[in-house]
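Participant: Any chance you can model this:
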Amino acid sequence: MRNVAVAVWLFALAHVAVAGDCKSRLEPLLNANRAENVRPVFDICKAEAAAGDAEALYFISFFYFGFGGFENNPTQAVAVTRASADKGYPQAQYWMGWQQELGNHLPQDDVAALAWYEKSAAGGFWMGYDRLARAYRNGELGVAVDLQKADYYLLQKQKCK
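Facilitator: Numbering: from 1, shown residues only. Below you'll find the predicted structure:
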C-alpha cells in the first residue's frame, strides 16, 4: 500500500507546473504558429497562474484570444491580461498601454496608455522604453516633445537588448 501511495505522489509531483514552463512550452508554438495539441500547455499555464505567476496569466490570454482552437473570448483575455499587468508583468503592462492607445479592446485613453507604458518600462521591458522614446520624440500620447527624455528611454531600450 505504501508503494502505491509513493507512486501516486511521484506521479502528481511530475505533473506540477514549474514557474516558467508555460512560457517555455508556449513560445515555440506561437513562434512557429503551431496550434495543434495545445491543451496540455494551457493546463500548465493555468496551473502556474493559479499559483500566482503573473507571466503565466499573461500567456493564458493567448488562448482566450483563440490560439490553438480555443474559443475567442476577448473579455476573458483582457481580464487575465489586466490581472497580469496589475501583478507587475511588464509585457502585460505594455499590452494594456497599446490597447488603451489604440482603443481596440479597451477604451482609447492616452493618459492611461502612457501610464501603462511607463509601468512596462519601469519593469525593464524594451517595448515600453521604445514606445516612450517615440512618444517624447514626437510629442505623442499627450506629452510635449522632450528629446532628453526620448534619448534616455532609447538608451534604456538599448541596454535591454
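
Participant: can we go C-alpha only for contacts and neighbour counts from here?
Facilitator: OK.

Participant: where are the low-confidence patches of this structure?
Facilitator: The chain contains residues with pLDDT under 70 at 1-19, 161.

Participant: quick one, domains of it?
Facilitator: Using automatic domain parsing, the domains assigned to the chain come out as 1-87, 89-161.

Participant: Could you dump those into TSV and include mean neighbour count?
Facilitator: TSV is the format used below for the domains of the chain (neighbours: other C-alpha atoms under 10 Å):
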stretch	mean neighbour count
domain 1-87	17
domain 89-161	19
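
Participant: Wait, residue 97 touches residue 114, no?
Facilitator: Yes. Counting by C-alpha atoms under 8 Å, residue 97 does reach residue 114; the two are 6.5 Å apart.

Participant: Report the secondary structure element holding residue 72.
Facilitator: Under DSSP states H and E, no helix or strand contains residue 72.

Participant: Give me the spatial nearest neighbour of it, chain neighbours excluded.
Facilitator: residue 66 (4.2 Å; C-alpha to C-alpha, 6 or more residues apart in numbering).

Participant: What of residue 39?
Facilitator: Closest to residue 39 by C-alpha to C-alpha, 6+ apart is residue 68, at 7.9 Å.

Participant: Wait, that neighbour touches residue 41, no?
Facilitator: No. Taking contacts as C-alpha under 8 Å, residue 68 lies outside contact range of residue 41: 10.1 Å.

Participant: quick one: the helices in this structure?
Facilitator: 2-14, 21-31, 39-50, 54-64, 74-86, 90-102, 110-122, 126-138, 147-160 (DSSP state H).

Participant: pull the CA atoms of the third one into CSV?
Facilitator: What follows is helix 39-50 as a C-alpha-only set of coordinates in CSV (Å, rounded to 0.1, in the frame of the first residue of the first chain):
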residue,chain,number,x,y,z
ARG,A,39,-4.4,21.8,-24.3
PRO,A,40,-1.6,20.4,-22.1
VAL,A,41,0.3,23.7,-22.5
PHE,A,42,-2.9,25.6,-21.5
ASP,A,43,-3.2,23.4,-18.4
ILE,A,44,0.4,24.1,-17.4
CYS,A,45,-0.2,27.8,-17.9
LYS,A,46,-3.4,27.7,-15.9
ALA,A,47,-1.7,25.8,-13.0
GLU,A,48,1.1,28.4,-12.9
ALA,A,49,-1.3,31.2,-13.0
ALA,A,50,-3.3,29.7,-10.2
